[in-house]
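Novice: I need the structure of the sequence given here:
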Amino acid sequence: MLERDYITELISQFVEAVTRALRLAVKKGDPVSCQEVEQQVADLVDLDVQTAMALSPDSLVTMLVLSGMGDSIAAYVCYALDRVSRVYEAQGNNDLAGLRHLQAQAVAESFGCNPATPPEELAALDAELFGSAEEGA
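Specialist: Numbering: from 1, shown residues only. The predicted structure is shown next:
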């Protein structure tokens, strides 16, 4: 029970921070906000941001497994990495866009999440910023 409450609180804080950062990144083209999304992913995985974001896709999956919370947080990590990859691509930063996309794909494949389907708490944000098909749902 206590562990579930802890994970719920972590996810709540993550959703709040990622929502704020993605809005700024998409609507204002703020590159620092992309770094904030990455910081939130690193915090969720309990790693230093430089270390977490430099990991190969398979190594990032390994760290999610080792965290013991991978199943609970994978969809959020996958979503954040996928959407920040889109922002980087729109900004012309193809190297970072590619790495973030590959990281998101590896998480999706390992944990059975779909990068195209945002977690419930992020569905409205996704529809607002990325025109998700989930908009009418």
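Novice: give me the next element, helix or strand, following the helix or strand hosting residue 84.
Specialist: Using DSSP states H and E, residue 84 falls within helix 70-90. On the C-terminal side of helix 70-90, the nearest following helix or strand under DSSP H and E is helix 94-111.
Novice: restricting to C-alpha, output stretch 18-37 in CSV.
Specialist: Extracted as CSV, the C-alpha positions of stretch 18-37 are listed here (Å, rounded to 0.1, in the frame of the first residue of the first chain):
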residue,chain,number,x,y,z
VAL,A,18,6.1,17.2,-17.9
THR,A,19,2.8,18.9,-18.7
ARG,A,20,4.3,22.3,-18.0
ALA,A,21,7.6,21.6,-19.8
LEU,A,22,6.0,20.1,-22.9
ARG,A,23,3.6,23.0,-23.3
LEU,A,24,6.6,25.5,-23.2
ALA,A,25,8.6,23.3,-25.5
VAL,A,26,5.9,23.0,-28.1
LYS,A,27,4.1,26.4,-27.9
LYS,A,28,7.2,28.6,-27.4
GLY,A,29,9.9,26.4,-28.9
ASP,A,30,11.8,26.5,-25.6
PRO,A,31,14.8,24.1,-25.8
VAL,A,32,15.4,24.3,-22.0
SER,A,33,11.9,22.8,-21.6
CYS,A,34,13.0,19.8,-23.5
GLN,A,35,15.8,19.4,-21.0
GLU,A,36,13.2,19.6,-18.2
VAL,A,37,11.2,16.7,-19.7
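Novice: may I see the buried residues of it?
Specialist: 18, 19, 21, 22, 24, 25, 26, 30, 33, 34, 36, 37 (16 or more other Cβ atoms under 10 Å). From N, CA and C alone the C-beta is placed, and that goes for glycine too.
Novice: next step: those restricted to strands.
Specialist: Counting by DSSP state E, no part of the buried residues of stretch 18-37 is found in strands.
Novice: now, which of these sits nearest residue 47?
Specialist: Nearest to residue 47 among the buried residues of stretch 18-37: residue 37, at 14.7 Å, using Cβ to Cβ.
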